[in-house]
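Peer 1: Prediction below, plus the sequence it came from.
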Amino acid sequence: MQTVRSLFVPKWSSDVRLDGKTAIVTGGNTGIGKETAKDLAGRGARVILACRDMVKGEQAAGDILREMMGAKVVARQLDLADTKSICLFAENIYNTEKALHYLINNAGVAMCPYAKTVDGYEMQFGVNHLGHFFLTFLLLDLLKHSAPSRIINVSSGAHAMGKIQFEDLGGEKDYHPVRAYAQSKLANVLFTRELAKRTEVLGVMAYSIDPGMVNTEITRHFRRPLVGLIKNLGFLLKTPAEGAYTIIHCTVTPENQLLTGGYYKDCASAYNTRAGQDDGTALKLWAASCHLLSIRWR
């Protein structure tokens, strides 16, 4: 069957090389994560696929190695729903890597039935936000050591529907999968804004991005009628490779052409909602996240 290209693919390309650079891509075994990893490896970067399922992770690494002669790609185990796994992953990175130039927080779950992480957090908030918040906290020293470096948080246009429910972050009082997803994606944007304020002076830039509507495995928890509608409207969907464009854009574009803390879509600065620009809520979320994770991050 012929692949139908999305109508919303940006006209952007770059021949920037990343030789000598190291990148981590969470969820790098599939979808836009795998396509991002493939592109960065093709530019000469050493790429670490941070994957919950190591069988799939090793398979993805093998796929990239077979496709790109001389690529430097490895898979490492990371379960963002388990803080112990995040700690072990970070420890492994410090033991094996001398530098880290790009942390691409891409992995996520979407609109799943109510569930909790190993540590008792609501799954979508726990994986999409807290897991990446904690991972970034643990790896920040290496990112500072490797500066200039970048952190890219993959959000979604769904953040526009989000509200941070500080009185019920765990969704125990009133859980709805769509609201919980939107909250976690808004948290990605707010985390990026507050993070950028704290790390710019350290040479670490941060960006949040919306990949657009992408045909990936993340739709596995959607209701069947919705999945069918999405599949039938293929011209509205990007392929995973197309969905990775904005991540790659924020990885390789010169810093003076990007705004740290900014929100990007289709390889350009994009409109952010009032909720996504609320610095008071961003600071409150930062404090709440530190409290939940029992960390001190000034």
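Peer 2: Cool, the structure landed.

Peer 1: Checking my notes, Asp19 in a helix, right?
Peer 2: No: looking at Asp19 with DSSP: H, G, I helix; E, B strand; the rest coil, it is coil, so not inside a helix.

Peer 1: The stretch 51-200 of the chain: helices as residue ranges?
Peer 2: Per DSSP state H, counting those that start in this stretch, the stretch 51-200 of the chain carries helices over the ranges 54-67, 83-96, 123-124, 132-145, 177-199.

Peer 1: among those, which is nearest Thr36?
Peer 2: With CB to CB as the criterion, Thr36 lies closest to helix 54-67 of the helices of the stretch 51-200 of the chain, at 10.9 Å. The C-beta positions use only the backbone N, C-alpha and C, and glycine is treated the same way.

Peer 1: got the contact list for the closest residue to Asp119 other than its chain neighbours?
Peer 2: Residue nearest to Asp119 in three dimensions, not counting chain neighbours: Thr83, with 5.3 Å by CB to CB, 6 or more residues apart in numbering. Neighbour list for Thr83: 118-119, 131, 134, 293 [criterion: CB atoms under 8 Å, 6 or more residues apart in numbering].

Peer 1: Highest neighbour count among those?
Peer 2: Gly131 (29 neighbours; other CB atoms under 10 Å).

Peer 1: So, low pLDDT: which residues of this structure?
Peer 2: Applying pLDDT under 70 to the chain flags the ranges 1-10, 216-236.

Peer 1: Could you pull out the strands in it for me?
Peer 2: 22-26, 46-51, 72-77, 102-105, 149-154, 204-210, 263-265, 268-269 (DSSP state E).

Peer 1: between these, which one is nearest to Ala61?
Peer 2: Using CB to CB, the nearest of those to Ala61 is strand 72-77, at 4.5 Å.

Peer 1: just how off-centre is that closest one within its chain?
Peer 2: 17 Å (CA atoms, centre = their mean, to the nearest Å).

Peer 1: same question, stretch 184-201
Peer 2: That offset, for stretch 184-201, works out to 12 Å (CA atoms, centre = their mean).

Peer 1: Quick one: closest of the helices of the stretch 51-200 of the chain to Ala110.
Peer 2: Here helix 177-199 is closest among these (CB to CB), at 5.4 Å.

Peer 1: quick one: the closest one to helix 132-145, angle?
Peer 2: 20 degrees (axes from the mean of the first three to the mean of the last three CA atoms, to 10 degrees).

Peer 1: Tell me the helices and strands packed up against helix 177-199.
Peer 2: Secondary structure elements in contact with helix 177-199, counted by 3 or more CB pairs under 8 Å, 6 or more residues apart in numbering; DSSP states H and E, are helix 123-124, helix 132-145, strand 149-154, strand 204-210, helix 279-293.

Peer 1: Reformat those into CSV and put distance to Phe191 next to each item.
Peer 2: Below are the helices and strands packed on helix 177-199 laid out as CSV (distance: least, CB to CB, whole Å):
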stretch, distance to Phe191
helix 123-124, 14
helix 132-145, 6
strand 149-154, 6
strand 204-210, 8
helix 279-293, 7
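
Peer 1: Among these, which comes closest to Asn29?
Peer 2: strand 149-154 (14.8 Å).

Peer 1: Okay, now the sheet partners of the closest one, with direction.
Peer 2: Strand 149-154 has these partner strands in its sheet, going by DSSP bridges: strand 102-105 (parallel), strand 204-210 (parallel).

Peer 1: hmm, who's touching the first one?
Peer 2: Counting contacts by CB under 8 Å, 6+ apart, the residues outside strand 102-105 that touch it are 21-26, 33, 36, 40, 45, 132, 135-136, 139, 143, 149-154, 188, 247, 251.

Peer 1: Out of the helices and strands packed on helix 177-199, which gets nearest to Gln77?
Peer 2: helix 132-145 (13.0 Å).

Peer 1: From the contact counts, what lies against the closest one?
Peer 2: strand 22-26, helix 83-96, strand 102-105, strand 149-154, helix 177-199, strand 204-210, helix 279-293.

Peer 1: wouldn't Pro113 be in contact with His176 here?
Peer 2: No: taking contacts as CB atoms under 8 Å, Pro113 lies outside contact range of His176: 10.9 Å.

Peer 1: So which of these two has more stuff around it?
Peer 2: Higher neighbour count among Pro113 and His176: His176, with 12 against 8, using other CB under 10 Å.
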